[in-house]
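Participant: A structural model of the following input is requested.
(5 chains)
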Amino acid sequence: MDIKAYMALSLTLFTIGIIGVLVRRNAIIVFMCIELMLNAVNLLLVAFSKMHAASDAVKASATYVSDAQIFVFFIMVVAAAEVSVGLAIIVMLYRNTHSVDINFLNRLKN
Amino acid sequence: MNAIVFSAVWGIVMMFSSVFIKSKTTPKYLAIAGAILLVLLNSWELYSGAPLFDIDSKDMILTNSFNLSFLAVVHIGTLLFFLLNARDIEKVGEHVGEYFALIFFVLCGIALACTYNTLLFLFLGIEIISIPLYILTGSDKRNLKSNEASLKYLLMGSFSTGIMLLGITFIYGGNINASFFINNLVLGEGPLSPMLAIGMLLLIISMSFKVSAAPFHFWTPDVYDGAPTVFTSFMSTIVKVAGFFAFVRLFENSFGKVQDQWQTLIAIITVATLLFGNITAVFQQSVKRMLAYSSIAQAGFMMLAVFALNDMAREGLILYAAAYSLATIGFFAVLIKMNDYTIEGFNGLGKQQPLLALCATIFLLSLTGIPLTAGFQSKFYMLMATAQTGRHLWLVIVAVLFAAISAYYYFRVIQAMYFKDATGDPLVEDSNISIGFKILLSITAFLIIAIGIYPELLLGWLYH
Amino acid sequence: MSNISALIWLIPILPLIGFLINGMGRKQLSKGISGIIGSAVILASFILSVLVFFQVKEAGAFNVNYFDFIRLSDFKLGFEFKIDQLSSIFLLIITGIGFLIHVYSTSYMHEEPSKDFAKYFAYLNLFIFSMLLLVLGGNFVIMFIGWEGVGLCSYLLIGFWFKKPEYTSAANKAFIMNRIGDLGFLLAVFWLIAKVGTTNFDVLFAPETLKLLTANDVTGITLLLFVGATGKSAQIPLYTWLPDAMAGPTPVSALIHAATMVTAGIYMIARSNALFSLAPITQTVITVVGLATALLAASIAIKQNDIKKVLAYSTVSQLGFMFLALGTGNYTAAVFHVLTHAFFKALMFLGSGSVIHAMGGEQDIRKMGGLHKHMKITSITFLIGCLAISGIPGFSGFFSKDEILAGAYGYSSMLYGIALFAALLTAFYMFRLYFITFRGSFRGTHEQAHHLHESPAAMTIPLIILAILSVVGGAIGVPEALGGKHELAQFLAPVIKSAAHHLDHTTEYMLMALSTALVLASIFAAWSLYKNYKASGEATGFGKVLQNKWYVDELYQTAIVQPLSALGTFFNNIIEKKGIDGFVNGVGKAVNYGSRQLRLLQSGQVGAYVLLMVIGMLLLFIIQLFV
Amino acid sequence: MGNYITFPELLLWLPLVAGIIAFFLKKQGSAKAWAILSSFIILGVSVASLFFADDVKYASFNKVNYYWLKYIGNSFYLVLDSTGRLLTFLTALSFPIIFISTQQNNYKNPHSFYGLMLLTQAGLMGVFLAWDALVFYFFWELALIPVYFLCSMWGGEKRIQATFKFFVYTFAGSLLMLIGIIYVYLHTPERAFDDGHIAQHSFALQSFMHATLSTGQQTWLFWLFFAAFAVKMPIFPFHTWQPDTYDQAPTSVTMVLSGIMVKMGLFGVIRWLIPVLPDASLQFANIVIILSIIGILYASFIAIKQDNIKKLIAYSSIAHIGLMCAALFANNEMSVQGAFLQMFSHGINIIGLWIVVDMLEKQTGAKHISQLSGVAHKAPVLTIFLVVIALANIALPLTNAFVGEFLMFAGLYKANVWYAVVAGIGIILAAVYTLRMIQRVFYGESNALTQNIEDASLGQKFVLAVIVAFIFGIGIMPQPLIDLTKEAVNGLLAIKK
Amino acid sequence: MSITTLIFILLSAMAVGSAVMMLLSKNPVKSILWLIVVFFAISGHYILLNAQFLAVVNIIVYAGAIMVLFLFVVMLMNLNADTEPVKNYRLHIIGIISGGSLLLVLLSTLYKGENGQMVQMQIGDQGLMDNLGKVLFTNYVLPFEIASILFLSAMLGAVIIGKKD
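Facilitator: Next up is the predicted model:
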């Protein structure tokens, strides 16, 4: 499979994530869109790792392609942590305002 | 290495301290002790060169006198921050121990971000810095501003994380060595391959976000304004300069060879940052928010270090980190004591609290960059570094003109303190101002003057 | 007698000392003391001047250099004096007449409170000091020091009664007009420095130095010097300050604005005759200006009713005569006329002073009349003055004026004609003045009438002395035609190479006869018109124009003063406030405005922030990847 | 250098230390006394230094050079040479005069007032002594900061805006100069320190003079430097901060500003601009001169129209400074020598003027010509002094200013006839506005405000007498001053050749 | 067209399609479910790339843990109804346009520059559990440890933010 296909796919997903952040106002959805972005990145990383695996230029180094997948693993870890904190914050917000609209709170401006 | 491990360990210690120690006032002593130890351990590694905990990081961590001395600055800054603000941290909320713990975790992240050698650690470091900050920003739960700030910070922060990851991915993809090591990056001749170019660009963008450089600075004013003031002081100083250090480290080790391909970009970002920061700061009424913008403006000056990337720039960055952190921490320490954060709130402080006013004046002068303050030296080094590159000299002139504008808003505070008359009711509760606080504030001011007169005090680290 | 040359410095220093004593101790000193001090120092330096005069007469000119005023690597300026025939004569005039006027003043100023009295003498001494400096100066710069010094003193003395705004305005006018002239003087000096690198008279007028100057240089320099002279000696166009200067005490007018200061211009040109003789263009200019001034001033004098104003304009016109002489290269005549004029004009001013004194400050001749029977001495001496100035044979004025006219005739008969006409006018208005004032019946108020009296001795004695001088003063310059041998010319010969054309005696007789006849005629006309003058209403027609001095002041006001002040206002209100300062503040305003606008980007909405970030990313991408 | 303490050190540290001490003298009147005392000591030192005026013979007394930031090739390098000697003397002389003349104005919390004043003096000294660009820049700013506080704290009602304008103006200017300094620095040859350390570049004056700069670089560097100096002098059209500041600042500060600080700009031209960028300063000489001459006429015309005495003096000062600046660029011995003399004379005269104006304002509370009249009756002594000083200010012969202006005009004439002619008009205008002021304020009938005005006090009489003594002393015998600065002048011209 | 390609296309279509649905559906619960579908599709891709470990982890961590967490939160706030009154379409348009153009810029650059390298499908053992395990606990032990800090701070966050007081 051509790497370009994977680039196209994951960039599309990434962009959908961005657009989601731009257009949705529900904090949770926005947060989910960010998760989508991360997943797109993961997919691309794996694809790259397999791409490098295919190219023999890098056969020399021992653990050359596992790096990327480990990285993906770490991304997931971080994502999990981020989500837990993020959701905590959103819940707190909901407690105080009974809304999850990201534009609802607008005290800080100018 | 010492810094990483110890700050992590001490973070855990603080965490459990809150379990075993019930009194609200005790943790700060622990924290201060930890900070002192941190300074000692780090300096020890700096001088001896041998870390205490000898962990084989597989070259993912590289320490040298440069980043260790920078860490030293960070740690001293933190120590000062604790000493000046510990009491105010207690006032934020119930979980004093946890706050300190988080701060130590942030320090751990900073240590990572300053010594990383692989993009993985850059990523982890940045995240370990960010996530605790989201929490600290929101730690004043009752206060809606604080909530709003933390939400904004969270959303935009993780958004920029996504950008950064995409950048890292492309760099990995474009690197035929298939590695994340920044010193193992094959750039090839001529213009960068599209993947590397895009990756670099995305990294520039995400890093600019972290150091709040325009046009990715929009979170800064709101977050700094909303967060509890103590933590704003920490975020806007220690964390920010660390971000710059990571920025510089990334570029000098990986893309340093192809300066010509990104310098224009950095120049543009610099000018934009100076513009947004300075111009917008002029009109602010709340001093806290004004400082948020001023931190953007100062970031514009620090971008010059990224732009120049020469020895002068390195020294300059350390100087700048020290000067800017000291002055800002000091001024925030004064600001926290004020009853009213608006500029009118400062009217007549010079008569009510001469010492506070004097120190505040010195801090502000330093931020403006008046000679014989550390602020001047740092700006001076930055300008020299930029001039040394010989490219984009107009940048220097622009920077200087904005420095002149910056006087405009810093001096508004000075004018308020000395040349306006107080409304009568006290601006500051004397009970909040202990002798110790005054002494420490004077020490900070003195340090600023001392560095301003003899910067080699600081730079000596690099020359031994 | 050579020891005198070592005492030269005393001549100016003594008055200075007098100035200092009177100035410092004006609170303590009584009127008597300060008057005595003031006069004594002048007397002393007069005596010295006499000695110097004789020394020069015997041993000739000599220089004294005291110290280096300014010494640069390529330029040296000594603080030096030059004592020669010319300056020694002026020394005599200044100190001599100066002394008389001091004596006169002691009684004239007696009503003043003692500290103003002392101040007055201080100023007077200071004036003498600067005047002496001017005359003694061995180079143009030292001369200039005195030159501006006398200007200053005249400023101070005109504004002596500084409570009256119009007086102080007159003082300012005098000073500023002098300054305009001084600028010309200075530029000439700079020109000399730039060209020959020195201003020392001896070096400068040495033929080899003059060779260094091109014709243009000479013309330019002399013209500029002449500008200086017009300022100081009240010639067109800078003469209007002198009539106003009559605001000062009358003795001052006598000393400064008749006898000495105003002749500084003549002195300066005579001093540098070597230079002027090389500049025909300048000489023509001087001639024309001098003649024009003589005529204009004379015409104005006819219609003036203020006794001092009349004298002032007559002074201006007499100075015009002197410049005419200078222009025609007839330097000796000029100096000669300076001398005689000093006598009779001082005489008449002091006379008018004593009249005013008697009239209790009244200066308008329409309110006088018939004073002859009340104050004989004054009247007679004044008459003598009039006769002298009109040039009645035998009186001093006759000789000097006649010499000038002769010189003019030798130049061109047309010049002679006009000059003669001016001379007739002179005779006319002087006698008009005399008749209106002293003859006919008294027209003043009643208390004035029985307050009238002859002035005290301290005032009359100087009058008498001066009267005698104005009669016999001409003796030193009797032309060959009348069997004299013109000692003055011989005496001045080493300094002045007179370029006057010499006429044969018959023509000279002709001219003398003609002028005398006409003068007598015009005196008769004046007598018939004014022997018993009745105060008539305002003058009309041409008379009005004359009375208003040809509206020259008004002209200056509208043509020069007002435009300039308008310019000042324009600069101040428009360019400064709106323009430059407006721009400077505009920058500040712009920053503020930008600040207010940029704040709006900070909308506080995460969505908007992210959008801006994405757009920023987009831009950076485009810049980086496609530009 | 040397193991004994040198004049530069004394001149710099004495005021600095004295100033810092003054901050702690909170007792009534003690600060004032201390300030006067120390300023006299400094004056003594400065006078003493005049006896060691030989740059070659007494070099070791007049030069000091510590290591400072040696890694960037900077050292704390002070030299008291014939360029700076006159101005350091002026600085040392004016402060006692100022202190005594304003002694009966009581400022609120005097300790900080006098402390700041002395710090200003230290800054000024530093500017005139520095032989190292960075040190120069430091003191350049250091002189500014205390003045900023002095003006804003003790000034008139509109003080804050006026002073802040002044501050930003000069700050921006000096920052531009800083760029210039950096740029030149990066082109200086490497410098070896005594301890063997070699810095690639150096801030020392000599190195700056040997910097390798193409003409193209010089041209724009010239304007960077000139911006700072032009604002400080100030030269038209950078002058608009001055009238407001002079008007609003407390008079004793105004004296410092107009008497000494404006000379910083001229001094900068002499010490740095011309030596470091000789080609450019020759190239642009005409532009600068024309600018200055425009300034002369422009300022004089405005002065004629001024009703506010302080602003009038401010504008007259602009005109005079313009003349000096033009003379400096006229590039011949006379003009430059004249400028040197005039820097000193102008300083003395204008301080004298301010003293009198201050006394008037203190007593009548009025500073507008239209409000005052007939002061001469009540205060004859004051009037006499003022007239003398004012006439000196418009360069009457035998006063100090005459010598300077005479030489400057002569020099300008050599450079170009029309410069002298046009600038000469300034002489007349000067007479116009000065006499106008004297007439309106001092002559005429005294009015309600001036009814019960007191004459000069003993201290003031003394001070004014000193000033007048200087006026005539220099006016009659300028040669000593000329000898004092001759080397500097010739050195400057040698560079331009 | 080989079977791999076919599966790739199918999975891609599924991923993109359900991502769009997630974006479009008004009801939060629905979008969560759509997102889970996306994750399953991505896991499918992992399997296709022979990265079983990640595939599994993806299912467990994302689809399992994280999404459930989201679901809980949504339920807790019972936001299942449409809480987002859609207004201000202009912002949407601008957002979509800028996002889309970003995508175009990136892709055009990449397609212009890169000579498409092939990706190794199915084969290759480095994605297997034991390999990754080895690498993780030999080379990457330090990051692994440090990651724990992240969780500690997350935990603290939960305590500070979440705890009622």
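
Participant: all helices of the stretch 351-497 of chain D, in order?
Facilitator: For the stretch 351-497 of chain D, the helices defined by DSSP state H, counting those that start in this stretch cover D:375-378, D:380-393, D:400-415, D:417-442, D:458-476, D:479-496.

Participant: tell me how many other residues crowd residue C:321.
Facilitator: Number of residues near residue C:321 (other CB atoms under 10 Å in any protein chain shown) recorded here: 27. C-betas here are computed from N, CA, C, even on glycine.

Participant: residue C:347 touches residue C:383, doesn't it?
Facilitator: No - counting by CB atoms under 8 Å, residue C:383 is not a contact partner of residue C:347; they are 10.3 Å apart.

Participant: neighbour count: these two, which is higher?
Facilitator: Counted by other CB under 10 Å, residue C:347 and residue C:383 do not tie: residue C:347 has more neighbours, with 31 against 18.

Participant: for the more buried one, which non-adjacent residue is spatially closest?
Facilitator: Excluding the flanking residues, the one nearest residue C:347 by CB to CB, 6 or more residues apart in numbering or on different chains is residue C:466, at 3.9 Å.

Participant: in a helix, that's where that neighbour is, yeah?
Facilitator: Yes - judged by DSSP: H, G, I helix; E, B strand; the rest coil, residue C:466 forms part of a helix.

Participant: gap between it and residue C:377?
Facilitator: Taking CB to CB, to the nearest Å as the measure, residue C:466 falls 12 Å from residue C:377.

Participant: among those two, which residue is more densely surrounded?
Facilitator: residue C:466 (32 against 18).

Participant: burial measure for the spatially closest residue to residue C:604 that is not a sequence neighbour, as a count.
Facilitator: Counting by CB to CB, 6+ apart, residue C:604 lies nearest to residue A:109, which is 3.0 Å off, once chain neighbours are set aside. A count of nearby residues for residue A:109, using other CB under 10 Å, gives 14.

Participant: all helices for chain A, in order.
Facilitator: Along chain A, counting by DSSP state H, helices occupy A:3-23, A:27-54, A:66-97.

Participant: list the buried ones in the longest one?
Facilitator: By that I understand helix A:66-97. A:66-94, A:96 (16 or more other CB atoms under 10 Å in any protein chain shown).

Participant: check stretch D:296-309 too.
Facilitator: By 16+ other CB under 10 Å, the buried positions in stretch D:296-309 come out as D:296-306, D:308-309.

Participant: could you export those to a markdown table, including columns for distance to residue D:146, pLDDT and secondary structure?
Facilitator: Listed next are the buried residues of stretch D:296-309 as a markdown table, based on distance: CB to CB, whole Å; pLDDT from 0 to 100; DSSP: H, G, I helix; E, B strand; the rest coil:
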| residue | distance to residue D:146 | pLDDT | secondary structure |
| --- | --- | --- | --- |
| D:296 | 30 | 93 | helix |
| D:297 | 34 | 93 | helix |
| D:298 | 31 | 93 | helix |
| D:299 | 27 | 93 | helix |
| D:300 | 31 | 93 | helix |
| D:301 | 34 | 92 | helix |
| D:302 | 29 | 92 | helix |
| D:303 | 29 | 92 | helix |
| D:304 | 34 | 90 | helix |
| D:305 | 33 | 88 | helix |
| D:306 | 28 | 89 | coil |
| D:308 | 25 | 91 | strand |
| D:309 | 26 | 90 | helix |
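
Participant: nearest to chain A among those?
Facilitator: Checking the buried residues of stretch D:296-309 against chain A by CB to the nearest CB gives residue D:308 as the nearest, at 40.5 Å.

Participant: and the top helix by length along chain E, which residues are buried?
Facilitator: The single longest helix within chain E, with elements called by DSSP H, is helix E:89-113. For helix E:89-113, the neighbour count (16+ other CB under 10 Å) marks E:91-92, E:94-96, E:98-99, E:101-103, E:105-107, E:109-110, E:113 as buried.

Participant: okay, who's weakest in those by pLDDT?
Facilitator: For those, the weakest pLDDT value sits at residue E:113, with 72.

Participant: tell me which residues touch the nearest residue to that residue once chain neighbours are set aside, please.
Facilitator: Leaving aside its sequence neighbours, residue E:113 sits nearest to residue B:194 (CB to CB, 6+ apart; 3.4 Å). Counting by CB atoms under 8 Å, 6 or more residues apart in numbering or on different chains, residue B:194 touches B:174, C:625, E:109-110, E:112-114.

Participant: quick one: residues contacting residue B:254.
Facilitator: Counting by CB under 8 Å, 6+ apart, residue B:254 makes contact with B:171, B:182-183, B:185.

Participant: look up how far chain C lies from it.
Facilitator: Distance, residue B:254 to chain C, by CB to the nearest CB, to the nearest Å: 16 Å.

Participant: give me phi/psi at that residue?
Facilitator: Here is the backbone geometry of residue B:254 (degrees, to the nearest 10): phi -110, psi -60.

Participant: what's the pLDDT at residue 72?
Facilitator: I went with chain A, as the question did not name one. On pLDDT, residue A:72 comes in at 93.

Participant: hmm, I had chain D in mind actually
Facilitator: Reported pLDDT for residue D:72: 83.

Participant: tell me how many other residues crowd the residue lying closest to it once chain neighbours are set aside.
Facilitator: Once flanking residues are discounted, residue D:72 sits nearest to residue D:199: 6.3 Å by CB to CB, 6+ apart. Here the count is done by other CB under 10 Å, and residue D:199 has 20 residues near it.

Participant: what do you get for residue C:578?
Facilitator: Neighbour count of residue C:578, defined by other CB under 10 Å: 10.

Participant: from chain B, how far off is it?
Facilitator: Relative to chain B, and taking CB to the nearest CB, residue C:578 is found at 23 Å.

Participant: quick one, helices of chain E?
Facilitator: E:3-24, E:28-48, E:52-57, E:67-76, E:89-113, E:129-138, E:141-157.

Participant: contacting residues around the fifth one?
Facilitator: Translated: helix E:89-113. Contacts for helix E:89-113 (CB under 8 Å, 6+ apart): A:4, A:7-8, A:11-12, A:15-16, A:18-19, A:22-23, B:193-195, B:197-198, C:607-608, C:611, C:614-615, C:617-618, C:621-622, C:625.

Participant: related to what we said a few turns ago, so which of the buried residues of helix E:89-113 is the closest to chain B?
Facilitator: The nearest member of these to chain B, counting by CB to the nearest CB, is residue E:113 at 3.4 Å.

Participant: contacts only, for the residue nearest the centre of chain A.
Facilitator: Closest residue to the average C-alpha location of chain A: residue A:38 at 1.3 Å, with CA atoms, centre = their mean. By CB under 8 Å, 6+ apart, residue A:38 lies in contact with A:75, A:79, B:161-162, B:165.
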